[in-house]
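**Student:** my questions are about this predicted structure, shown below with the sequence.
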Amino acid sequence: MTLALTLDAEKHSALDSALQPFYVKQDDGNYRLDADIPDSSGLKAKADELLGETKRERELRKAAEDRANALEAAQKEAANESARARGDVESLEKSYLEQIQKLNEDSTGKVSTLQKQIYDLTVGQAANNLANELSIKGSAIALLPHIQNRLSLEQAEDGQQKIRVLDMNGNKTGMTLDDLKQEFRSNEAFKPLIAANGASGSGANGANGGAGTQGKKSATEYTEAERVEIARNNPELFKQIFN
């Protein structure tokens, strides 16, 4: 049987008479068990101790949480730094690609320049020579583009550059430059520009006399298209023929 720590008067009277002597009446009329009971201050101290431990646990838990949060933040920052580093690599790669592209463009430009120089020294020179050889004085510049349109430059099997004569449609032919020369001499459309056979070409004596040069048509024999062509490309010749 467990004895209560305190009893009021009614409960004390109802208690077994053998147990009543174990209680001492208090000033408030209640009865208190007369036994060695720990002082309440000790209980408070124990409670404070437990509370202190609980508070300490909370502090430790909070510190652990703070460390975990700090670690997570550090990991995120490291990831961000890594991302930024990757970004720098991408920028560097982009820069390299731009430099490579510029080098390729410069190289392409240089190749184009060299190709033009080669063209000028081969096709261009051949066309100039042929125009000067065929034309009367002052008309080589009018004849030149027509000759240039009939020539191209190609690479032979041995790797050498070779001049190829084209037909009127730009197709390759087996003609030589001499063949092309004879074709221009035989073409009625170009006869006003062509020096007499055997003359010394542009600036030759055969060009003297203007419209009276051998093999030339009279002014009335020219078509309107021929008149426009001569007027545009060789005004001096136009004056000789039509004035």
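**Tutor:** Okay, I see it.
**Student:** any idea how far the residue most central in space within the chain lies from residue 105?
**Tutor:** Centroid-nearest residue in the chain: residue 98, 7.2 Å away (criterion: C-alpha atoms, centre = their mean). Per C-beta to C-beta, to the nearest Å, residue 98 is found 10 Å from residue 105. Just so you know, the C-beta spots here come from the backbone N, C-alpha and C atoms, and that holds for glycine as well.
**Student:** pLDDT weak spots in this protein?
**Tutor:** 1-3, 35-55, 79-89, 91-93, 96, 197-218, 224, 243 (pLDDT under 70).
**Student:** do a quick rundown of the helices in it.
**Tutor:** 9-14, 40-119, 125-134, 140-148, 177-186, 224-233, 235-242 (DSSP state H).
**Student:** can I get those helices in JSON lines including distance to residue 26?
**Tutor:** What follows is these, written out as JSON lines (distance: least, C-beta to C-beta, whole Å):
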{"stretch": "helix 9-14", "distance to residue 26": "10"}
{"stretch": "helix 40-119", "distance to residue 26": "15"}
{"stretch": "helix 125-134", "distance to residue 26": "138"}
{"stretch": "helix 140-148", "distance to residue 26": "136"}
{"stretch": "helix 177-186", "distance to residue 26": "144"}
{"stretch": "helix 224-233", "distance to residue 26": "140"}
{"stretch": "helix 235-242", "distance to residue 26": "145"}
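**Student:** how about the ones you listed, which one is nearest residue 156?
**Tutor:** Ranking those by distance to residue 156, with C-beta to C-beta as the measure, places helix 40-119 first at 13.7 Å.
**Student:** one step back: from residue 106, how far off is the residue nearest to the centre of the chain?
**Tutor:** The gap separating residue 98 from residue 106 is 12 Å, by C-beta to C-beta.
**Student:** just residue 230 next, same as before
**Tutor:** 44 Å.
**Student:** follow-up on the earlier one: between the helices of the chain, which one is closest to residue 163.
**Tutor:** Once the helices of the chain are compared by C-beta to C-beta, helix 125-134 is nearest, at 5.6 Å.
**Student:** who are the packing partners of that closest one?
**Tutor:** helix 140-148, helix 177-186 (3 or more C-beta pairs under 8 Å, 6 or more residues apart in numbering; DSSP states H and E).
**Student:** quick one, what contacts the residue nearest to residue 190 when sequence neighbours are not counted?
**Tutor:** Excluding its sequence neighbours, the residue lying closest to residue 190 (C-beta to C-beta, 6 or more residues apart in numbering) is residue 184, at 5.5 Å. Counting by C-beta atoms under 8 Å, 6 or more residues apart in numbering, residue 184 touches 130, 134, 143, 146, 147, 190, 194.
**Student:** those into a markdown table, with extra columns for neighbour count and distance to residue 6?
**Tutor:** As requested, those are exported to a markdown table (neighbours: other C-beta atoms under 10 Å; distance: C-beta to C-beta, whole Å):
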| residue | neighbour count | distance to residue 6 |
| --- | --- | --- |
| 130 | 23 | 139 |
| 134 | 24 | 144 |
| 143 | 24 | 139 |
| 146 | 17 | 136 |
| 147 | 24 | 136 |
| 190 | 20 | 143 |
| 194 | 24 | 147 |
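**Student:** ok, those residues vs residue 173, which is closest?
**Tutor:** residue 147 (14.2 Å).
**Student:** mind checking how far the closest one is from residue 109?
**Tutor:** Residue 147 is 28 Å from residue 109, by C-beta to C-beta.
**Student:** now for residue 33, how many residues are close by?
**Tutor:** Using other C-beta atoms under 10 Å, residue 33 has 14 neighbouring residues.
**Student:** related to what we said a few turns ago, which one of the helices of the chain lies nearest to residue 160?
**Tutor:** helix 40-119 (11.3 Å).
**Student:** out of the helices of the chain, which is closest to residue 25?
**Tutor:** helix 9-14 (8.1 Å).
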